[in-house]
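Asks: I need the structure of the sequence given here:
(one chain, ligands or ions: 2)
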Amino acid sequence: MRKVSVAASKSYEVHVGENLLAQIGQTVAAACGGERVLIVTDDMVGGLYGKTVENAMIESGYAASVFTFPRGEQSKSMDTYIALLSAMAAAGLTRSDIVAAVGGGVVGDLAGFAAATYMRGIRFAQIPTTLLAMVDSSVGGKTAIDLPSGKNQVGAFYQPDVVVCDISTLATLPEETFTDGCAEIIKHGIILSEELFNLLKRPIKPQLEDIVTMNITIKSDIVMADERDTGIRQILNFGHTIGHGIEAGSNYMMTHGRAVAIGMAISARGAYRMGICGEDCYMEIVDMIRRHGLPIETDIPPDRLIQAAFVDKKRNSAGISLILPEKIGKCAIKSFSMEDLAAFIHLGMQD
Ligand code: NAD
Ligand code: GLY
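Replies: Ligands and ions are numbered 1, 2, ... in the order given. Sure thing, here's the model as predicted:
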């Protein structure tokens, strides 16, 4: 088992290893204390791992209950959030009790936001079960729900007290969902680590523990440098402004990982055409995205993506920042007016 320490506004450990769920009660008790725990999960993950987690919590002395909601991005909503807060109150959670998020990024974002806001903040354990949630969303404290007008529009920075990545749970993950997580891993390689990028030229599954740990280390270093996302953390948004537009333009039928993959490919093509990176860098990026079974193009018209960028929460009155690759392992933050962004999206999408 590996551990990565994160020292942000809250200090916590991220555990990475196999078969960690059986001891999850002890791990959570050591990090969080408390008497009651509400396990938050979706119907798929709850069916697979809910009982194991609940039994482990009870064995460690917790009064445990479970809140389950339907899987999928549609559940990252105000309605589910209110239902979850009501379940927390009904379970009698106090400020010294715990919310444990068991699932993918949807569960972690929703449960984290509820933990951040219930009684002005209660303890919170992230137990990610998708590759994406292990390498990205469970670490760093971004929590949120969606509004009809856009993704993640209501949220809070709220760090967990502990993160437990049991990589054995990835055995049940559908191949398509595993592939979604590869997009965030490729992103970390492109923006920050040529060493990681080169590891991804071989299949990920045989090197899972190493790659998950390396990604968490890369992400936590950035979070520790800029927890509130006002500077360097913005580079983690590579591919995301355009990716969020693609998710919205597909009515959330396209997954986050696939949308980010296309967003990275469009950004890389635009960067090459603007002379920010060379053709070899652009080609390496699209080859890597394709190698892991992810898409590089969309049928959604550029104007729909531009419209979505206008409601992106990272926009300010002057415009928006885009993250663009300069070479593998290095990227730049570039400010765009909304007009220039529209031109950039056209440039990145043209044949
Ligand atoms: P998800 O949570 O919807 O999970 C994908 C699917 O996999 C779901 O159907 C789920 O039931 C299923 N699943 C999860 N674990 C499983 C397992 N071990 N075995 C079988 N099935 C399993 O999606 P995701 O890709 O994990 O997360 C996407 C969300 O994360 C988006 O809402 C995105 O905005 C958010 N996100 C947040 C951050 C952040 O920093 N907070 C970063 C990246 C993404
Ligand atoms: N997933 C982007 C971030 O955590 O900042």
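Asks: any idea how far M283 lies from L192?
Replies: 20 Å (Cβ to Cβ, to the nearest Å). Any C-beta I mention is one placed from the backbone N, CA and C, and that applies to glycine too.
Asks: Need phi/psi at A156.
Replies: phi -150, psi 150 (degrees, to the nearest 10).
Asks: Pretty sure it sits against F124.
Replies: No. When contacts are counted by Cβ atoms under 8 Å, A156 is not listed as touching F124 (11.0 Å).
Asks: With neighbour numbers in mind, choose between the two.
Replies: F124 (29 against 14; other Cβ atoms under 10 Å).
Asks: quick one: the more buried one and ligand 2, what's the gap?
Replies: Counting by Cβ to the nearest ligand atom, to the nearest Å, the gap from F124 to ligand 2 is 16 Å.
Asks: Repeat that for R269.
Replies: According to Cβ to the nearest ligand atom, R269 and ligand 2 sit 22 Å apart.
Asks: swap in L294?
Replies: 17 Å.
Asks: neighbours around the residue nearest to H346 when sequence neighbours are not counted, how many?
Replies: Counting by Cβ to Cβ, 6 or more residues apart in numbering, P302 is the residue found nearest to H346 once chain neighbours are left out, at 5.2 Å. Number of residues near P302 (other Cβ under 10 Å) recorded here: 20.
Asks: got the contact list for P302?
Replies: 342, 345-346, 349 (Cβ atoms under 8 Å, 6 or more residues apart in numbering).
Asks: residue nearest the centroid of this protein?
Replies: S137 (2.8 Å; Cα atoms, centre = their mean).
Asks: before we move on, back to that, more neighbours: which of M283 and L192?
Replies: Each of M283 and L192 has its neighbours counted (other Cβ under 10 Å); L192 has more, 23 against 12.
Asks: got a list of contacts for stretch 27-36?
Replies: 12-13, 15, 20, 37, 57, 60-65, 91-94, 96-98, 100, 123-125, 161-162, 164.
Asks: re earlier: separation between the residue nearest to H346 and A342?
Replies: From P302 to A342 the distance is 8 Å (Cβ to Cβ).
Asks: How about the most far-flung residue of the chain relative to its centre, nearest residue that isn't a chain neighbour?
Replies: In terms of distance from the mean C-alpha position of the chain, G61 ranks first, at 31.0 Å (Cα atoms, centre = their mean). Leaving aside its sequence neighbours, G61 sits nearest to A29 (Cβ to Cβ, 6+ apart; 7.1 Å).
Asks: Can you list phi and psi of the one you found for me?
Replies: Torsion angles, degrees, to the nearest 10, at A29: phi -60, psi -40.
Asks: Check the gap between the closest residue to ligand 2 within the stretch 51-200 of the chain and ligand 1 for me.
Replies: Across the stretch 51-200 of the chain, the shortest distance to ligand 2 (Cβ to the nearest ligand atom) belongs to G140, at 4.3 Å. Distance of G140 to ligand 1, computed by Cβ to the nearest ligand atom: 5 Å.
Asks: Then V40?
Replies: 12 Å.
Asks: For the one helix or strand that residue maps to, give the mean pLDDT please.
Replies: If you go by DSSP states H and E, V40 is part of strand 36-42. The average pLDDT for strand 36-42 rounds to 98.
Asks: what pairs with that strand, and is each one parallel or antiparallel?
Replies: If you go by DSSP bridges, strand 36-42 pairs up with strand 63-69 (parallel), strand 98-103 (parallel).
Asks: can you pull the alpha-carbon coordinates of it into CSV?
Replies: This file holds the C-alpha atoms of strand 36-42, laid out as CSV (Å, rounded to 0.1, in the frame of the first residue of the first chain):
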residue,chain,number,x,y,z
ARG,A,36,-22.0,7.9,12.9
VAL,A,37,-21.2,7.5,9.3
LEU,A,38,-23.5,8.1,6.3
ILE,A,39,-22.2,6.1,3.3
VAL,A,40,-23.2,7.9,0.1
THR,A,41,-23.1,5.9,-3.1
ASP,A,42,-25.0,5.3,-6.4
